[in-house]
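Enquirer: What follows is a predicted structure for the sequence shown.
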Amino acid sequence: MEFSRRGVMLVIASPSGAGKSSITRRLLADQQNLSMSVSVTTRKMRAGEVEGKDYYFVDKPQFEALRDRGKLLEWAKVHSNFYGTPAKGVDDLVAKGHDVVFDIDYQGTQQLYEKRRSEMVTIFLLPPSIVELRRRLVSRALDSEEVIDRRLKNARIEIDHWAEYDYVLVNEDLDETCEIVTKILQTARVSRTRQTNLSSFIKGLQSQIDSL
């Protein structure tokens, strides 16, 4: 029997450069019934980004209006910019049994815990070393040396929150880490608490026994 279920809100967090974006892209390419939560942000659009796919780009007054009207599941200020998750789209997908992956920091995760903890599975990724983390940030060629130094300092704050997550993985090998994250998602999908028609199925089994 195929059970109906609620979707999984899968949070993948890490310091910048530790691999969350690479793993998220791999999951989205490999997994059916999984989509990315598209955040709103006041950050400027980068080359190659697409409105509505990577982010919804808004100005600060627009962002504050969404926040103040309670339209965001979470929001945070990161590297001088605001980011937030619109609530309605995520809630609609989860109710239909569709899984949603989040690329957010510890501040966003804490806020999601307050509002949707029962729907969530959270993973924190660590780099194998800070030397390797710097190498990855430099090789991306997205940021200046000043920005890279700031990201490394912020990594200290983010790593402080490792114990708030359900799973903590050291991302030394991307393929291996992706395999573990996939197994975590697959396990969450069959969690007893997510099977919406399990109790009625069990009652049916019990009725069959009673009728013998």
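Expert: Received it, and whenever you're ready, just let me know what you need. Numbers count the residues shown, from 1 in each chain.
Enquirer: Residue 35 should be in a strand, yeah?
Expert: Yes: the assignment for residue 35 by DSSP: H, G, I helix; E, B strand; the rest coil puts it in a strand.
Enquirer: Report the contact partners of the nearest residue to it once chain neighbours are set aside.
Expert: Counting by Cβ to Cβ, 6 or more residues apart in numbering, the nearest residue to residue 35 once its immediate chain neighbours are dropped is residue 100, at 6.0 Å. Glycine gets a C-beta too; all of them are placed from N, C-alpha and C. Residues near residue 100 by Cβ atoms under 8 Å, 6 or more residues apart in numbering: 7-10, 34-37, 90, 93-94.
Enquirer: List the buried residues for the worst-scoring helix or strand of the chain on mean pLDDT?
Expert: Sorted by mean pLDDT, DSSP states H and E, the helices and strands of the chain end with helix 130-140, the least confident at a mean of 82. For helix 130-140, the neighbour count (16 or more other Cβ atoms under 10 Å) marks 133-134, 137 as buried.
Enquirer: So which elements touch that helix?
Expert: Here helix 130-140 touches helix 145-159, going by 3 or more Cβ pairs under 8 Å, 6 or more residues apart in numbering; DSSP states H and E.
Enquirer: Could you check the angle the helix it packs on makes with helix 130-140?
Expert: Orientation check (axes from the mean of the first three to the mean of the last three Cα atoms, to 10 degrees): helix 145-159 against helix 130-140 gives 130 degrees.
Enquirer: which residues sit against the helix or strand that helix 145-159 is followed by?
Expert: Downstream of helix 145-159, the next assigned helix or strand under DSSP states H and E is strand 167-170. Contacts with strand 167-170, where a contact means Cβ under 8 Å, 6+ apart, come from 121-128, 162, 177, 180-181, 184.
Enquirer: Averaged pLDDT, strand 167-170. What do you get?
Expert: For strand 167-170, the mean per-residue pLDDT is 97.
Enquirer: What of stretch 49-65?
Expert: On average, stretch 49-65 scores 94.
Enquirer: Quick check: buried residues in it?
Expert: Neighbour-count burial for stretch 49-65 [16+ other Cβ under 10 Å]: 55-58, 63.
Enquirer: And for stretch 142-155?
Expert: For stretch 142-155, by 16+ other Cβ under 10 Å, it's 143, 148, 151-152, 155.
Enquirer: Repeat that for stretch 70-82.
Expert: So for stretch 70-82, counting by 16+ other Cβ under 10 Å, buried means 72-76, 78, 82.
Enquirer: so what's residue 193 up against?
Expert: Residues near residue 193 by Cβ under 8 Å, 6+ apart: residue 118.
Enquirer: out of everything not next to it in sequence, what's closest to residue 51?
Expert: That would be residue 57: by Cβ to Cβ, 6+ apart, it lies 6.0 Å from residue 51.
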